[in-house]
Each structure stands twice: as structure tokens, then as C-alpha cells.
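> Take this sequence and fold it.
(chains A and B)
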Amino acid sequence: NAGVTQTPKFQVLKTGQSMTLQCAQDMNHNSMYWYRQDPGMGLRLIYYSASEGTTDKGEVPNGYNVSRLNKREFSLRLESAAPSQTSVYFCASRGTGTALGEQYFGPGTRLTVT
Amino acid sequence: QKEVEQDPGPLSVPEGAIVSLNCTYSNSAFQYFMWYRQYSRKGPELLMYTYSSGNKEDGRFTAQVDKSSKYISLFIRDSQPSDSATYLCAMMLNQGGKLIFGQGTELSVKP
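Next up is the predicted model:
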């Protein structure tokens, strides 16, 4: 049982390049989330998916798109990367019936945009 | 003003000390309060979860919520070097709501 996995672990992009961050969970959870973490800012919600087939914007969605490919996988896409998107990105999941605050986080992807 | 404020520290204490970590918030409608622990270069993990006001204890950890003051605390008794991490408070309005995180407090427990 791997929990929440994220790929890649590290990535360096040039301004204007695109990339997709992958997230998968093997806990049969319905809800999945994407956060970014910046120094002094805490974790901020980018997008979330309450169930397979649905996605909603969070606090900072601009510049990102998401796809809930199936129940296990939730990807985050940067279409045209900007230096302001340099951050650590965390994916999280939560099961139905569990406390909403009990989100399980992946190890993160450290992204640098130059 | 941020909805949730947390002193970023860093906070350094000797082993065995009692640690107090705090968050204040502005939205009186928050009902669910969490503390997450995040080790360096890892994802956060849920440490404590409290609904509404009151105290909750789990081993060396005690979470307190004072809704009248819009203030939550996490106490760590007999702190250990293994407690060295960043502690994030988080809160939400209701089940199905979104988590709002504080900035995190970096704690270092020295042997």
C-alpha cells in the first residue's frame, strides 16, 4: 500500500514550457486535491476533485488545469510555466466518511521555473 | 489580513520542554480544527483533529480550541528531537468545505 504517490520528485522548466504533474492514490479515496506550498504562505489549494468526473477551483487556480483521469489518478498541468509557479506541489486524497480534515499527502514535487 | 495566522518561528527548545504552538483566525464560522506535522522534504501528516471548542489529548500532544478568542493551540509535553518539524494548523467551515492552512511554525528540539 503506497498511499499517495507523485511524479516527478523534482523538475526544472524554462518560462513558457509546459508539463504535467502526476498523482495517484491506492486507498480507494473519492476526493483528491492539489496544493502548492511557498515560504511564508502555507499550503494553498489549487484545484480539487470531490469525486471521479468532477473538478473545482481552489484558492489559486490561475495558470493550472487538472484532469481526474479515474478514481486513482489526478493530474495537474501547467500550460505555460512562469517563474511565479516555482513552488513545492503536493497532492492529497481523502476517503468518503472520513473526517474532511484527514487528508493524506504525497511526498511533493519540487518545481523550479527559470 | 490572512484568514489564519501562525507565527512561522523558528522555535528552538531543549529536549523535555513543553512546547506551545498557536494559531489565530478571523472567520468565526470555522468549526473544524486540525494540526498537521511536516518533516523536512515530506508531505504533511494529520496529527490532531478537533471539532468545535474544547481540548483533545493524544499521548504527549494536546490540542485546544478557544472559539470565543478565535485561537487554537497545540501543546507538546516532554518534547523529543523527533518532534523537530514544521507544524501547520488548518481549519474549515464544515464537512465538505475546504481546508485553510496557516503558514506553519518550524520547531527544533535540541538534545
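> Report the separation between the residue of chain A found nearest chain B and residue A:84.
Closest residue of chain A to chain B, Cβ to the nearest Cβ: residue A:105 (3.2 Å). The way it works is simple: take the backbone N, C-alpha and C, and place the C-beta from them, glycine included. For residue A:105, the distance to residue A:84 (Cβ to Cβ, to the nearest Å) stands at 23 Å.
> Tell me which of the two has more neighbours.
residue A:105 (22 against 10; other Cβ atoms under 10 Å in any protein chain shown).
> Tell me how far the closest residue to the more buried one other than its chain neighbours lies from residue A:78.
Distance criterion Cβ to Cβ, 6 or more residues apart in numbering or on different chains; nearest residue to residue A:105, sequence neighbours excluded, is residue B:43 at 3.2 Å. Distance, residue B:43 to residue A:78, by Cβ to Cβ: 20 Å.
> cool, residue B:111 as well?
42 Å.
> and the two? which has more neighbours close in?
More crowded of residue B:111 and residue A:78, by other Cβ under 10 Å: residue A:78, with 20 against 7.
> Quickly list what that one is bridged to.
residue A:19, residue A:64 (DSSP bridges).
> same deal with residue A:48?
With DSSP bridges as the rule, residue A:48 is bridged to residue A:33, residue A:56.
> so how far is residue B:37 from it?
The gap separating residue A:48 from residue B:37 is 22 Å, by Cβ to Cβ.
> okay, those two: which has more neighbours?
Taking other Cβ under 10 Å, residue A:48 and residue B:37 do not tie; residue A:48 has more neighbours (24 against 20).
> Now do that one, the pLDDT please.
We note a pLDDT of 93 for residue A:48 in this prediction.
> Now for it: which residues touch it?
Counting by Cβ atoms under 8 Å, 6 or more residues apart in numbering or on different chains, residue A:48 touches A:31, A:32, A:33, A:34, A:55, A:56, A:58, B:98.
> Could you do residue B:37 as well?
Residue B:37 neighbours (Cβ under 8 Å, 6+ apart): B:44, B:45, B:47, B:85, B:86, B:87, B:88.
> Is whichever strand or helix holds the fifth one positioned near chain A?
Okay, so that is residue B:86. Here residue B:86 sits within strand B:85-92, counting by DSSP states H and E. Yes - Strand B:85-92 lies within reach of chain A by Cβ under 8 Å from any Cβ of the partner chain, at B:88, B:90, B:92.
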